[in-house]
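Asker: Predicted coordinates and the sequence they were generated for:
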Amino acid sequence: MKVTVFSSLVLTALAFSPLLASGAPTGLVARGRVSDLRASSGSARSGNAGNANGGSVANIATGESSVRNGAGSTNRAGDGGRSVTGDAIGGNGSSGGSATSGNSGNANGGDVINEATGESTVNNQGSNRAGDGGVSRSGDAIGGNSNKKRSSKIDALLNKYKNFNPPSSGSATSGNSGDTNGGSVANIAQGESTIRNNGANTAGDGGRSVSGDAIGGNGSGSGGGGNARSGNSGDANGGDVINETSGESTIRNNGNNIAGDGGRSISGDAIGGNGSGGGNAQSGNSGNANGGSVINSASGESSIVNSGTNRAGNGGTSRSGDAIGGNSS
């Protein structure tokens, strides 16, 4: 047989190159294709929000000093603001992205504090009004859906290579919401001091603490539905009115003592995604929404004189969200 230079080069290449001799190995092709299918969509996570508490009013007298707030004036603490985190939405794709919303901060109302010690005096001609709780809300979390976009040839590869995990849907976790308690009014007299309030002592009402909904992504093909877990909601208690004396001190309230009403503490719904296996769902715990108390406590030879009404706060609403598991297809 006549061998040319070109033929020699081809034979040499075949002898030393299994790739050229036998074609591309099936394992190499499969690894490349499977890695392409493993690409997942982007996850989403929103940041935490800070506190938005209202400021407090403090009148503190010691020794033989005196604090006097004239007629028509009011000691008014600040209301809680709004602490809200953004929604988190995972992307859709061959594997849906997970979603986690951040925790929201507290939004408590401010307090009013009148404190006298020694032989001092605090004299308020107007009212003491604590701040109401604000709004603390964590964002919704929505997991991405998984989409099935592949041929029967790729399905055969998936069956052959068992280490490949089927596309999964995105899980969803909403953050916890903070406290939104109403502020309290505290009158504290010690020694031979005196606190005199001609106006009402009104504690703040509880606000709204709400955790976001969590919705797991839906699966496709062999992909299961995403799990969903909603966050816990914080407390939304009404504030207290506290009158406390000791020694030979005196507190005289000519107005009413009104404690704050409870607000609303609600955890979000959790809805598991649908798929070959339905996603699990777990809703968070809701916090307290107790009405505030009026507390009059005198010890030693001290005295508390209330000319008006003592009114405790009403309870609010504490509700945990619904938990709905995903359907299995």
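Answerer: Looks like it arrived, so ask away. Residues are numbered from 1 along each chain as shown.
Asker: Sort out which residues of stretch 66-85 are buried, please.
Answerer: 67, 69, 74-85 (16 or more other Cβ atoms under 10 Å). Heads up, the C-betas are built off the backbone N, CA and C, glycines and all.
Asker: So for that stretch, first residue to last residue, what's the gap.
Answerer: Stretch 66-85 has an end-to-end distance of 45 Å (criterion: Cα to Cα, to the nearest Å).
Asker: And stretch 108-118, by the same measure?
Answerer: Counting by Cα to Cα, the terminal residues of stretch 108-118 are separated by 32 Å.
Asker: I'd like a version of the buried residues of stretch 66-85 in TSV, one that adds secondary structure as further columns.
Answerer: Formatted as TSV, the entries for the buried residues of stretch 66-85 read as follows, by DSSP: H, G, I helix; E, B strand; the rest coil:
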residue	secondary structure
V67	strand
N69	strand
T74	coil
N75	strand
R76	strand
A77	coil
G78	coil
D79	coil
G80	coil
G81	coil
R82	strand
S83	strand
V84	strand
T85	coil
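Asker: which non-adjacent residue is nearest N176?
Answerer: Of all residues beyond its chain neighbours, the one nearest N176 is G231 (4.1 Å), with distances taken as Cβ to Cβ, 6 or more residues apart in numbering.
Asker: thought the one you found was touching S174?
Answerer: Yes - the pair formed by G231 and S174 meets the contact definition of Cβ atoms under 8 Å, at 4.7 Å.
Asker: out of those two, which sits in the busier spot?
Answerer: Comparing G231 with S174 by other Cβ atoms under 10 Å, the one with more neighbours is S174, at 37 against 31.
Asker: Now for the closest residue to that one other than its chain neighbours: which residues touch it?
Answerer: Using Cβ to Cβ, 6+ apart and skipping the chain neighbours, the partner closest in space to S174 is G212 (3.8 Å). Listed by Cβ atoms under 8 Å, 6 or more residues apart in numbering, the contact partners of G212 are 85, 87, 101, 137-141, 174-175, 230-231, 268.
Asker: repeat that for 10 Å
Answerer: Applying Cβ atoms under 10 Å, 6 or more residues apart in numbering to G212 gives the contacts 46, 84-88, 101-102, 104, 137-142, 172-177, 230-231, 233, 267-269, 284, 321.
Asker: Return the subset of the residues you listed lying in helices.
Answerer: Secondary structure from DSSP state H places none of the contacts of G212 in helices.
Asker: Return the distance of R229 relative to G207.
Answerer: In this view, R229 and G207 are 24 Å apart by Cβ to Cβ, to the nearest Å.
Asker: if you count what's nearby, which of these two comes out ahead?
Answerer: The neighbour comparison of R229 against G207 (other Cβ under 10 Å) goes to G207, with 34 against 21.
Asker: before we move on, the earlier item: quick check, nearest of the buried residues of stretch 66-85 to S299?
Answerer: Minimum distance to S299 across these is 22.6 Å, recorded for V67 (Cβ to Cβ).
Asker: what residues are up against the closest one?
Answerer: With contacts defined as Cβ under 10 Å, 6+ apart, the neighbours of V67 are 58-61, 114-116, 120-124, 195.
Asker: go with 7 Å
Answerer: With Cβ atoms under 7 Å, 6 or more residues apart in numbering as the criterion, the residues that contact V67 are N59, A61, V122.
Asker: Pull the contacting residues for the second one.
Answerer: Remark: with contacts taken as Cβ under 7 Å, 6+ apart, A61 is in contact with V67, A116, S120, T121, V122.
Asker: can you list these in CSV and add distance to N243, pLDDT and secondary structure?
Answerer: Conversion of the contacts of A61 to CSV gives the following (distance: Cβ to Cβ, whole Å; pLDDT from 0 to 100; DSSP: H, G, I helix; E, B strand; the rest coil):
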residue, distance to N243, pLDDT, secondary structure
V67, 17, 94, strand
A116, 12, 95, strand
S120, 17, 96, coil
T121, 16, 95, strand
V122, 12, 95, strand
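Asker: what's near enough to touch the spatially closest residue to G80 that is not a sequence neighbour?
Answerer: Leaving aside its sequence neighbours, G80 sits nearest to G134 (Cβ to Cβ, 6+ apart; 2.9 Å). Under the criterion of Cβ under 7 Å, 6+ apart, the neighbours of G134 are A52, D79, G80, G81, R82, A107, T180, G207.
Asker: how many neighbours does G247 have?
Answerer: Residues contacting G247 under the criterion other Cβ under 10 Å number 16.
Asker: So it sits against T194, correct?
Answerer: No - with contacts defined as Cβ atoms under 7 Å, G247 does not count as touching T194, sitting 11.4 Å away.
Asker: what number of residues lie near the nearest residue to S303 once chain neighbours are set aside?
Answerer: Leaving out its chain neighbours, the residue that sits closest to S303 by Cβ to Cβ, 6+ apart is T250, at 5.1 Å. Counted with other Cβ under 10 Å, the burial measure for T250 works out to 20 neighbours.
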